[in-house]
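**Q** below is the structure, and that's it, no one-letter string:
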C-alpha cells in the first residue's frame, strides 16, 4: 500500500512510517518539521514538507500520485500539538492546529484522495473517568482543550462517514514510551522541548542531566500513594495503527467508524516507573515529593480488550522494565 503519514517526522508517526517501510509498504511523510526530525526518517520513506492547513498542497499531492498511477491507499494522521497543559493556556492554537487543520485534510481526501483514515486520537477525550479501566463506551467529557480538539475531530469523522462514506478508525491512548528496536539497535525515542513526560524526565536523572525527579503527590488512593498511568510501547502502538488500517479495508460496509482504546490494561504508578528506571539504569534516581498538581486524577488506565479481540492486537512490551529499557538505550545514544 501507499500510505500518507501526516506528522510522520515525529516520534510516533516516524515509528509508524518505519514499520510501514519494514513491512513492504510505501510511506510518504507529510510534516512541517515544527516538532519532527527529518534526519531520523528511515531509508525508503519519502518526505514532503508542508502545512496540514494548506488544503491545496495535500490535494496536489493526491492528484499527482493518481496521475502517476500510484494513488494513495490511505492516510495515517498523527500531526497534532499534544501538550495538554499548554492547551489550557493557548486553546485557540490547539483548535486551529488539531481540529481546523484536520478538516483541511479531510476536505482534500474527499476531493481527490483516499477515503480511508486512521486517526491518532487520545484517551484525553474521556476526561475524569467514572470507572477504570476505561472502555470505549465511557462518557466523553474532556477536561482540557487538547482532548476537546481531538474529540471534535472524532465527531467530524462520524459525519464524514455518514454523509460521504469516508471510513476511519480512531485510536485512543494515554502515554507512549520506549524506542523501536531493530537489527541496528534503537533508532528514535521520545523527547520534547521542554520535556514534561515522566519516563524521559526520569531517564534524564539517570544521565545526570537533572539532579532529581519530582513526584507530585504521594497521598493518592493508590497502593503506593502516587498516580497510576497507562503506558504503551511505541512499537506496539505502531502495530495497532497498521492493524486498524487493515480493518478498514475488511469492514468497508460497516456503517460506523472504528474506535479502539490502546494501553497496557493495568497501569503503573509514578513510584513504579522510578523503581523501574533505577533497575534499568543502575542509577539511584533521587526523588522529591511535591504537592499534588491540580486536575491530576489518581488512576488513568484504558481497557484494550476490544482492540485485542477485534484487531488481533498482541502487545509485545507488556513489562514496564522492557519499555524503560528501550527508552534508556535510545537516551544514552542520544546524548553520547
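**A** Sure thing, it's come through. Please read these numbers as outputs of a predicted model, since none were measured by experiment. Numbers count the residues shown, from 1 in each chain.

**Q** now the residue located most distally from the centre of the chain: how far from residue 25?
**A** Distance from the C-alpha centroid of the chain, by CA atoms, centre = their mean, peaks at residue 67 (32.3 Å). Separation of residue 67 from residue 25 (CB to CB, to the nearest Å): 21 Å. The way it works is simple: take the backbone N, C-alpha and C, and place the C-beta from them, glycine included.

**Q** burial count for residue 182?
**A** 12 (other CB atoms under 10 Å).

**Q** identify the bridge partners of it.
**A** Taking DSSP bridges as the rule, residue 182 bridges to residue 185.

**Q** any idea of the pLDDT on it?
**A** For residue 182, the pLDDT comes out at 79.

**Q** quick one on the thing from earlier: what separates the residue farthest from the centre of the chain from residue 248, distance-wise?
**A** 25 Å.

**Q** same question, residue 151
**A** 20 Å.

**Q** can you check residue 78 too?
**A** 16 Å.

**Q** tell me the confidence at the residue farthest from the centre of the chain?
**A** On the pLDDT scale, residue 67 gets 95.

**Q** residues contacting the residue nearest to residue 224 when sequence neighbours are not counted?
**A** When the adjacent residues along the chain are set aside, residue 224 lies closest to residue 271, with 4.7 Å between them (CB to CB, 6 or more residues apart in numbering). Residues near residue 271 by CB atoms under 8 Å, 6 or more residues apart in numbering: 215, 218, 224-226.

**Q** next one: residue 78
**A** Taking CB under 8 Å, 6+ apart, one finds 5-8, 10, 12-13, 16, 120 in contact with residue 78.

**Q** distance of it from residue 282?
**A** 34 Å.

**Q** what's the answer for residue 192, then?
**A** 25 Å.

**Q** likewise for residue 84?
**A** Residue 84 is 32 Å from residue 282, by CB to CB.

**Q** how many residues are close by the nearest residue to residue 124 once chain neighbours are set aside?
**A** Distances taken as CB to CB, 6+ apart place residue 147 nearest to residue 124, at 3.2 Å, with adjacent residues excluded. Residue 147 is flanked by 23 other residues according to other CB under 10 Å.

**Q** next structured bit after the host helix or strand of residue 147?
**A** Element membership for residue 147, per DSSP states H and E: helix 145-164. Next along the chain after helix 145-164, taking DSSP H and E as the criterion, comes strand 167-173.

**Q** and the next helix or strand after that next one, what does it pack against?
**A** Following strand 167-173 in sequence order, the next helix or strand is strand 175-177 (DSSP H and E). Secondary-structure packing of strand 175-177 (3 or more CB pairs under 8 Å, 6 or more residues apart in numbering; DSSP states H and E): helix 198-206, strand 231-233, helix 234-250, helix 320-335.

**Q** now do 6 Å
**A** strand 231-233 (3 or more CB pairs under 6 Å, 6 or more residues apart in numbering; DSSP states H and E).

**Q** next one: the nearest residue to residue 303 once chain neighbours are set aside relative to residue 197, how far apart?
**A** Counting by CB to CB, 6+ apart, residue 303 lies nearest to residue 133, which is 3.9 Å off, once chain neighbours are set aside. Per CB to CB, residue 133 is found 21 Å from residue 197.

**Q** the more surrounded of the two?
**A** Taking neighbours as other CB under 10 Å, residue 133 and residue 197 compare with residue 133 leading, 20 against 15.

**Q** any low-confidence regions in the stretch 201-336 of the chain?
**A** For the stretch 201-336 of the chain, applying pLDDT under 70 flags the ranges 251-255, 336.

**Q** now a PyMOL select for only the buried ones of the contacts of residue 271.
**A** Command for PyMOL, covering only those of these found buried under the criterion 16 or more other CB atoms under 10 Å:
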select buried, resi 215+218+225+226
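
**Q** ok, the contacts of residue 271 vs residue 297, which is closest?
**A** For these, the closest approach to residue 297 (CB to CB) belongs to residue 226, at 12.3 Å.

**Q** quick one, phi psi at the closest residue to that closest one other than its chain neighbours?
**A** With sequence-adjacent residues excluded and distances taken as CB to CB, 6+ apart, residue 226 is closest to residue 270, at 3.9 Å. Backbone geometry at residue 270, expressed as degrees, to the nearest 10, gives phi -60, psi -40.

**Q** residue 76 pairs with what?
**A** residue 5, residue 118.

**Q** can I assume it is in contact with residue 117?
**A** No - look at residue 76 against residue 117 with CB atoms under 6 Å: they stay out of range, at 7.7 Å.

**Q** give me the residues contacting stretch 111-121.
**A** 59, 62-63, 72-78, 150, 154, 166-172, 241, 244-245, 248 (CB atoms under 6 Å, 6 or more residues apart in numbering).

**Q** next up, the contacts around the closest residue to residue 237 other than its chain neighbours.
**A** Computed as CB to CB, 6+ apart, the closest residue to residue 237 that is not its neighbour in sequence is residue 176, at 5.7 Å. Residues near residue 176 by CB under 6 Å, 6+ apart: 12, 232, 234, 237.
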